[in-house]
Each structure stands twice: as structure tokens, then as C-alpha cells.
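Visitor: Using only what follows, build the 3D model:
(one chain, ligands or ions: 2)
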Amino acid sequence: MSYEASKKYPMQPVPFHVLKMQEEIPDCYTLTLQPEFNVVSSFSPGQFYMLYVFGHGEVPISVSGNSFEMGTLMFTIMTIGSVTKALCSVCVGDVVGVRGPFGKGWPLEQVKGRDVLIIAGGLGLAPLRPLIYHLISHSADYGIITLLYGTRTPDMILFQDELASWDDRDDMRVFLTVDSAGSEWHGHAGVVTELIEKIGIDTVRTTALTCGPEIMMRFTAHALLGKGLAASDIYISMERNMKCALGHCGRCQYGPHFICKDGPVFAFDQVEYLFKVREV
Ligand SMILES: Cc1cc2nc3c(=O)[nH]c(=O)nc-3n(C[C@H](O)[C@H](O)[C@H](O)COP(=O)(O)OP(=O)(O)OC[C@H]3O[C@@H](n4cnc5c(N)ncnc54)[C@H](O)[C@@H]3O)c2cc1C
Ligand code: FES
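Guide: Ligands and ions are numbered 1, 2, ... in the order given. Sure thing, here's the model as predicted:
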């Protein structure tokens, strides 16, 4: 199927083969996928694709790399259930189905000229990585970039070499924390919101972008509001099960929003009231 046809039939997965497969941390792999016939369509950092493993099913996965110019797409996937397990068990050369990109990504235009505070929890760093690539390759357009990253344990820290190289940059600061660690860990221990207390934030100039488990984003947003950030200057990336990814089936409904079409990235003032309702 041609690229034009794939836009015309957005429910139809397009075949991509697995070019590379890399274990990042236990049970978590980065897949580099290359289209069998098409060119890769451009995407915005924070957007996601539907990945289909034949005989298993289809799941939403965010883009985690910047290999678009090489004509490939990268996804970092954690084994959770049957489809993600099948995705993490593919071999180089295998074919998977790909549809997308879908959704609204990170607000690149709104953060121009501002300090950017990125707060990631666990696998939440993966959908933020293309954003970080964008910010550092257009650093003249942005103020100070600060990354706060928390994981459960040191062996769950993703992209360790890149974190070190980002921290070496003059225009970027990186702070890490883990929930718990042995004596080999000399960094901060505690939840990621504790780092917010430790860094200076210019609340007028800063936009915060956060991705991680929902409970982590809830505490993060409240800590930022407590610091004086406006709810409209805090963005979160939401997750729900999905089917169509096109705003048709209602599977991903979140209050009046469809996460696949209206999100996954939302300004916190759009969804703050839903965070107070249980089981939405
Ligand atoms: C917009 C979007 C982007 C995403 N990006 C990524 C990504 O970049 N990398 C990635 O690994 N995953 C990502 N996910 C999550 C991924 O889609 C789910 O992990 C996947 O759908 C689970 O399917 P499964 O068949 O493997 O597990 P299922 O059989 O569907 O689920 C197994 C168990 O895990 C629970 N579960 C399902 N999803 C999650 C979840 N997200 N967190 C915690 N528990 C869950 C289920 O309730 C069930 O109990 C994203 C989700 C969305 C909506
Ligand atoms: S997945 Fe169908 S409406 Fe969002």
C-alpha cells in the first residue's frame, strides 16, 4: 500500500520490518522499524502509532527516537501484557503492522522562548526523548532546559549514556532520583516530586511537560501548582486503552475528551477536574 493509500485507509496497518532491536533495561526494548514499501510520514514529538503484531493484537506506542530522517521509526516498549510481550519478542527481519502517527504531541510552539521543565517517571522518558532532541537541536529558541527523571531503582534508568551527555550541555540540566537503591547508588533517593523542591524555577518563564504513571503526574502537577506555576503551563501525556485511534470508537474516552484525538498531551487546566474523579 502506498503512503497516500495509508492516509486514505487509516485503519489499515502498513507493513514495517524490524531493522534493529535493543534491550534498554529488563523487559524493555527499543525497536527500529523500517517500512517495507512506504516512506515514513513525519510526526511531532509526543505523537503515537498503533503497532500490530499479527495474531496478537494492536497497541498504542509513542515514538521514542529521532530516526525519521533515516526513514525509520523507533519505539521503546515495556512488556506489560500479551501484545507488548509479543512486540518485545520479535526478531530482526520480522514484519509488524504500523498505523499513524496519531494524536497531538508536545506544545512546541507554546514553549518557544520559555524555560522548559521536563519531568519523567520510568518509561515516561521514552515519549519525551524526541521532544528533548527537538529542544536541543533548536536550543536558541528555548530558555533553560531542565530534566527531572525518576525511576523505581537504578537498573530501571533508561538511556543512561544520553542522560550523561545531556547533563554535559551548557543549555540543559539533568537531575535523577530513584525510589530505592542499595549503597552503590550515590544520587538522590526519593520520589521525583522531591526534586522539584530542590531546583529553582522561574514560575513566570517556565512551562512544565510531564509523562509517567498517572499517580506520578498527579503529584507532579500539584507540586508545580504549589510552586506557583499556572495550570495552563503544565502539560501531561495521558494513557488509556485504544482501539481505533481515530476518535470513532470511544474506547479511550476521558470525560469529554478522546485521548487518541484530543491528546495524548493535554494542558493540565483542560483535565484537572477529571483528575479529581475516581475511575474516569
Ligand atoms: C498514547 C499512548 C502511548 C503509549 N506509549 C507507550 C510507549 O511508548 N511504550 C510502552 O511500552 N507503552 C506505551 N503505552 C502503553 C501501551 O499501549 C500498553 O502497555 C499496552 O497497550 C498494553 O497492552 P498489552 O496487550 O501488552 O497488555 P494488556 O493485556 O492490555 O494489559 C495487561 C495488564 O496491564 C495493565 N495495563 C495495560 N496498559 C497499562 C499501562 N499503560 N500501564 C500500566 N498497566 C497497564 C492492564 O490493565 C492489564 O492488567 C502507551 C499508551 C498510550 C495510550
Ligand atoms: S481509540 Fe477509538 S476513540 Fe480513541
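
Visitor: what sits up against stretch 126-145?
Guide: The contact list for stretch 126-145, computed with CB atoms under 8 Å, 6 or more residues apart in numbering, reads 43, 45-46, 48, 62-66, 75-76, 105-106, 108, 111-116, 118, 120, 147, 158-159, 162, 166, 169, 171-173, 205, 209, 211, 237. Yep, even glycine has a C-beta here, placed from its N, CA and C like the rest.

Visitor: Can you name the residue of the protein nearest ligand 1?
Guide: Distances between the chain and ligand 1 by CB to the nearest ligand atom are smallest at residue 81, namely 2.1 Å.

Visitor: Run through the residues that contact that residue.
Guide: Residue 81 neighbours (CB under 8 Å, 6+ apart): none.

Visitor: what does this protein put close to ligand 2?
Guide: 242, 243, 244, 245, 247, 248, 249, 250, 251, 252, 258, 260 (CB under 6 Å from any ligand atom).

Visitor: do that again at 5 Å, thanks
Guide: Contacts of the chain with ligand 2, taken as CB under 5 Å from any ligand atom, map to 242, 243, 244, 247, 249, 251, 252, 258, 260.

Visitor: what about burial for these, which qualify?
Guide: Neighbour-count burial (16 or more other CB atoms under 10 Å) applied to the residues of the chain next to ligand 2 gives 242, 244, 247, 252, 258, 260.

Visitor: Secondary structure class of the last one, three-state.
Guide: Judged by DSSP: H, G, I helix; E, B strand; the rest coil, the three-state class of residue 260 is helix.

Visitor: isn't it right up against residue 100?
Guide: No. The pair formed by residue 260 and residue 100 falls short of the contact definition of CB atoms under 8 Å, at 10.1 Å.

Visitor: Pull up the overlap in contacts between these two.
Guide: Contacts common to residue 260 and residue 100, judged by CB under 8 Å, 6+ apart, are residue 245.

Visitor: ok, longest strand in this structure?
Guide: strand 14-25 (DSSP state E).

Visitor: just checking, what packs against that one?
Guide: On a contact count with 3 or more CB pairs under 8 Å, 6 or more residues apart in numbering; DSSP states H and E, strand 14-25 meets strand 28-35, strand 95-102.

Visitor: can you map out the helices along the chain?
Guide: All helices of the chain, identified by DSSP state H, fall at 3-8, 82-87, 125-137, 160-167, 193-198, 214-227, 259-262, 268-275.

Visitor: Ok, which of those comes nearest residue 151?
Guide: In terms of CB to CB, the element of those nearest to residue 151 is helix 125-137, at 8.5 Å.

Visitor: Please find the angle between the direction vectors of that closest one and helix 160-167.
Guide: 30 degrees (axes from the mean of the first three to the mean of the last three CA atoms, to 10 degrees).

Visitor: between helix 125-137 and strand 28-35, what angle do the directions make?
Guide: 70 degrees.

Visitor: Dump the C-alpha coordinates for helix 125-137 into CSV.
Guide: C-alpha atoms of helix 125-137 as CSV (Å, rounded to 0.1, in the frame of the first residue of the first chain):
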residue,chain,number,x,y,z
LEU,A,125,11.1,9.3,29.4
ALA,A,126,10.6,7.5,26.1
PRO,A,127,7.8,9.8,24.6
LEU,A,128,9.8,12.8,25.9
ARG,A,129,13.0,11.8,24.2
PRO,A,130,12.0,13.1,20.7
LEU,A,131,11.0,16.4,22.4
ILE,A,132,14.4,16.7,24.1
TYR,A,133,16.1,16.1,20.7
HIS,A,134,14.0,18.8,19.2
LEU,A,135,14.7,21.3,22.1
ILE,A,136,18.5,20.8,22.0
SER,A,137,18.6,21.0,18.2
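
Visitor: And that helix, what's buried?
Guide: 125, 126, 127, 128, 129, 130, 131, 132, 134, 135.

Visitor: one step back: closest to residue 191 out of the helices and strands packed on strand 14-25?
Guide: Here strand 28-35 is closest among the helices and strands packed on strand 14-25 (CB to CB), at 20.7 Å.

Visitor: Against which helices or strands is the closest one packed?
Guide: Using 3+ CB pairs under 8 Å, 6+ apart: strand 28-35 touches strand 14-25, strand 73-78, strand 95-102.
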